[in-house]
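In: Here is a sequence with its predicted model. Questions after.
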Amino acid sequence: MLARTLALAFPLAFATPAAFAQAFPVTLDHAWGATTIEAEPQRIVTWGWGNEDAVIALGVIPVGIPFQSYGGGEDGIHDWVEQALEAAGAETPTIFDASSEPPLEQIAALKPDLIIAAYSGITQDQYGLLSGIAPTIAYTGAPWSTSWQDLTRIVGRALGKEAEAEALVADTTAWVEAEFARYPALAKVTFASANDYDGSMAVYAPLDARMTFLTNFGMVMNPSVAMLAPGDDAFYYPLSYELFDQLEADIFVTYYEEQSALDAWLATPQAQTYPPIVNGGLAALVGTENVAAVSPPSVLSLRWGLPRYLEVLGAAAASVTE
């Protein structure tokens, strides 16, 4: 896995001053109802993506976390999680077997008093089964759409750390804004994002959390992305190679696990004739860990992955605005 220094500085996360005390019980609404947490949870299990990141960033170590097959390496743990655990002097939580389904027996064996799946796509049936083990927090709104800010706040409320969560969001937001400000050309361009997938281009729609992250910090998605979409309720949509040039933008954002795969795609006719690429506006983020850190980001992964991401985006924006 990539060796990189984790620039994490969460002065509030590992402190519990009386001023931050939060009363229980706490009730959180979500897609499958409402969950009441009667007392401060001590044994937390997470399921989905990024939930453990927010828990750890707020100074609590889960007893069980999912195997992250994308970007987690052989041990299923993201670099930023490993480094945060090391910084906290904490033991590694139980890593569940790699699976797309919640491993109910493994979860139950840990005797959790709270299950957090606030960024996930758990079904109502899965929620019911998990709730039979411990109070469970599902996603709000659409599955897999919770922003890193809202995820941090939801986790903060569940842990009795609402004030710390707000402070962490504010501190991280200020840092992200400062990082974006280092690349002023990003405010002068429009973008579109897609990947070659299964014989067509998979275009990331405005609802996708990776896209909302960019637009939340001042980047402008080209109107063609929404105009070409068959509806407004999808995270992505297929676009044929023949229509690819109708996806207009100044810079084109794409993600690849390996440079060889990107090179192979750049050699295809659709890539070689695509105007944003021809004009120098290719913003290709390469490397599984790099992609995982921003797909979508968490309050923990941002400090690890955003600098490299902005280097790629900024270089493309500068190329087409100079």
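Out: The structure has been received and is ready for your questions. Numbers count the residues shown, from 1 in each chain.

In: Please, where are all the strands along the stretch 51-200 of the chain?
Out: Along the stretch 51-200 of the chain, counting by DSSP state E, counting those that start in this stretch, strands occupy 64-65, 94-95, 114-116, 136-137, 190-197, 200-204.

In: Rebuild those as JSON lines, extending it with mean neighbour count, mean pLDDT and distance to Gly281.
Out: Just so you know, the C-beta spots here come from the backbone N, C-alpha and C atoms, and that holds for glycine as well. Formatted as JSON lines, the strands of the stretch 51-200 of the chain follow (neighbours: other CB atoms under 10 Å; pLDDT from 0 to 100; distance: least, CB to CB, whole Å):
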{"stretch": "strand 64-65", "mean neighbour count": "24", "mean pLDDT": "98", "distance to Gly281": "38"}
{"stretch": "strand 94-95", "mean neighbour count": "15", "mean pLDDT": "98", "distance to Gly281": "40"}
{"stretch": "strand 114-116", "mean neighbour count": "27", "mean pLDDT": "98", "distance to Gly281": "39"}
{"stretch": "strand 136-137", "mean neighbour count": "28", "mean pLDDT": "98", "distance to Gly281": "40"}
{"stretch": "strand 190-197", "mean neighbour count": "20", "mean pLDDT": "97", "distance to Gly281": "8"}
{"stretch": "strand 200-204", "mean neighbour count": "20", "mean pLDDT": "97", "distance to Gly281": "16"}
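
In: what's the closest of those strands to Glu74?
Out: Of all those, strand 94-95 sits nearest to Glu74, with 10.9 Å by CB to CB.

In: Quickly run through the sheet partners of the closest one, with directions.
Out: Strand 94-95 has the following strand partners under DSSP bridges: strand 64-65 (parallel).

In: helices or strands up against whatever helix or strand Glu311 lives in?
Out: Secondary structure assignment for Glu311, by DSSP states H and E: helix 301-321. Judged by 3 or more CB pairs under 8 Å, 6 or more residues apart in numbering; DSSP states H and E, the packing partners of helix 301-321 are helix 79-88, helix 162-181, strand 251-256, strand 282-286, helix 288-292.

In: and with 6 Å instead?
Out: Here helix 301-321 touches strand 282-286, going by 3 or more CB pairs under 6 Å, 6 or more residues apart in numbering; DSSP states H and E.

In: Could you tell me how far the strand it packs on lies from the centre of the chain?
Out: Put simply, strand 282-286 sits 18 Å off its chain's centre (CA atoms, centre = their mean, to the nearest Å).

In: Give me the angle between the helix holding Glu311 and strand 282-286.
Out: With axes from the mean of the first three to the mean of the last three CA atoms, to 10 degrees as the basis, helix 301-321 and strand 282-286 are set at 150 degrees to each other.

In: okay, now the nearest residue to Tyr309 once chain neighbours are set aside: neighbour count?
Out: What sits nearest to Tyr309 in space, not counting adjacent residues and going by CB to CB, 6 or more residues apart in numbering, is Val294, at 5.1 Å. Per other CB atoms under 10 Å, the neighbour tally for Val294 reads 22.

In: Double-check that Val294 belongs to a helix.
Out: No: counting by DSSP: H, G, I helix; E, B strand; the rest coil, Val294 falls outside a helix, being coil.

In: So which helix or strand of the chain has the lowest pLDDT on average?
Out: helix 209-216 (a mean of 94; mean pLDDT, DSSP states H and E).

In: Tell me the buried residues in that one?
Out: 209-214 (16 or more other CB atoms under 10 Å).

In: and it, how far out from the chain's middle?
Out: 10 Å.

In: immediately after that helix, which helix or strand?
Out: With DSSP H and E, the next secondary element past helix 209-216 is strand 220-221.

In: That following strand pairs with which strands, parallel or anti?
Out: When DSSP bridges is applied, strand 220-221 pairs with strand 190-197 (parallel).

In: List the contacts of the strand it pairs with.
Out: Defining contact as CB atoms under 6 Å, 6 or more residues apart in numbering, one finds that strand 190-197 is touched by 201-204, 219-220, 222, 225, 247, 249-254, 265.

In: same check, this time on stretch 34-47
Out: With CB under 6 Å, 6+ apart as the test, stretch 34-47 has contacts from 24-28, 52, 55, 62-66, 102, 107, 110, 112-117, 120, 135, 137, 158, 160.

In: which of those count as buried?
Out: Neighbour-count burial (16+ other CB under 10 Å) applied to the contacts of stretch 34-47 gives 26, 28, 52, 55, 62-66, 102, 107, 110, 112-117, 120, 135, 137, 158, 160.

In: and Val278, how far is that from Leu168?
Out: Using CB to CB, to the nearest Å, Val278 is found at 42 Å from Leu168.

In: who's more crowded, these two?
Out: Using other CB under 10 Å, the more surrounded residue of Val278 and Leu168 is Leu168, with 26 against 11.

In: coming back round to it: just name the closest of the buried residues of helix 209-216 to Ser240, please.
Out: Ranked by distance to Ser240 (CB to CB), the buried residues of helix 209-216 are led by Met211 at 20.7 Å.

In: surely that closest one meets Val203?
Out: No: using CB atoms under 6 Å, Met211 is not in contact with Val203, being 9.9 Å away.
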